[in-house]
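1. my questions are about this predicted structure, shown below with the sequence.
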2 protein chains.
Amino acid sequence: MAADPLSRVFAALADPTRRDMVARLAGADATVGELAEPYDVSVQAVSKHLRVLEDAGLVSRSRDAQRRPVHLEAEVLDLMTTWIERYRRQAEERYRRLDDVLASMPDDVSPTHPTDDTTPGGNPS
Amino acid sequence: MAADPLSRVFAALADPTRRDMVARLAGADATVGELAEPYDVSVQAVSKHLRVLEDAGLVSRSRDAQRRPVHLEAEVLDLMTTWIERYRRQAEERYRRLDDVLASMPDDVSPTHPTDDTTPGGNPS
DNA sequence: CTCTTCCTCAACCGAATGGTTGAGGAAGGG
DNA sequence: CCCTTCCTCAACCATTCGGTTGAGGAAGAG
């Protein structure tokens, strides 16, 4: 498991159980047992999920007697939003520019400016 | 492969090659061959990656003679940002409230009635 | 010390993933 | 018609993943 950090975060959240854990941890810290309670899988399986989240930096586990309280490290989520927003914005920008090009494109036989025809040919219905 | 949409999108972007494809497609549509060129894997492997992105709704493939131009469908990215922002914000809010509690806590920590008041004694502000 | 509680480690298993190679369909160009 | 280009489908292989069970460590309670 030597993937880059971004891949680890995306992969960690690709599992609905892990996403649900993150959602619950956003409200309050919890112990492994508390986290495991709603799901009908073994506690070991939950511990494994927690380890995936921990390796992604999404979660940290401290020590309180026998308990291992789990805490959400929400800052890592910014890694993803930064990446996503970057390309969403770029695609949006390109789309906007494409609209401009189409708007200024005289469709080969209609040299008149076609930017005004929002409802061409009248409304049939 | 019957996962929920959100899982599919997260899983699709958990691979650095696929993320790179999305990044390039944000700039311009491309054919499978063009997309495959930078990577030293077979074209079939790239086609498989494209299929993962397509199943996630991130990409669409049309037909232009022998070409299969690939187009990025950036709106799906909002699915993720919505999910992420929801819990990032919730965690942030919880953190802010914890700060408030700590700020209003006097040195002597012996609350007579834990459930009675959010700001016991005189409110300093 | 013993016992119980909470949790993790290790080994194993079936299914999914990411890659390969080989065959073949679809759409033009000669 | 044949031939080339672009791409996908199918079969196969190694690795990873999500789950299980069994064993065991850590820290209080008796």
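-> Everything's here; your move.
2. which residues touch A:A36?
-> A:S42, A:V43, A:V46 (C-beta atoms under 8 Å, 6 or more residues apart in numbering or on different chains). To be clear about C-beta, it is placed using only N, CA and C from the backbone, and glycine gets the same treatment.
3. select from the residues you listed the one having the most neighbours.
-> A:V46 (22 neighbours; other C-beta atoms under 10 Å in any protein chain shown).
4. excluding its backbone neighbours, what's nearest that one?
-> In space, and not counting its chain neighbours, A:V46 is closest to A:A36: 4.0 Å by C-beta to C-beta, 6 or more residues apart in numbering or on different chains.
5. per-residue pLDDT, that neighbour?
-> At A:A36, the model reports a pLDDT of 97.
6. picking that back up, which ones among the contacts of A:A36 map onto helices?
-> Per DSSP state H, helices hold the following members of these: A:V43, A:V46.
7. and the contacts of A:A36, which is closest to DNA strand D?
-> Minimum distance to DNA strand D across the contacts of A:A36 is 3.4 Å, recorded for A:S42 (C-beta to the nearest atom of the strand).
8. which one is the closest one nearest to, not counting chain neighbours?
-> A:A36 (7.9 Å).
9. next one: A:E92
-> Spatial nearest neighbour of A:E92, excluding adjacent residues (C-beta to C-beta, 6+ apart): B:A74 at 6.4 Å.
10. was I right to think the one you found contacts A:R94?
-> No: using C-beta atoms under 8 Å, B:A74 makes no contact with A:R94, being 9.0 Å away.
11. so which of those two has more stuff around it?
-> A count of neighbours by other C-beta under 10 Å puts B:A74 above the other of B:A74 and A:R94, at 21 against 17.
12. please report the distance of that one from DNA strand C.
-> Shown here: B:A74 relative to DNA strand C, a distance of 21 Å by C-beta to the nearest atom of the strand, to the nearest Å.
13. and that residue, its phi and psi?
-> phi -70, psi -20 (degrees, to the nearest 10).
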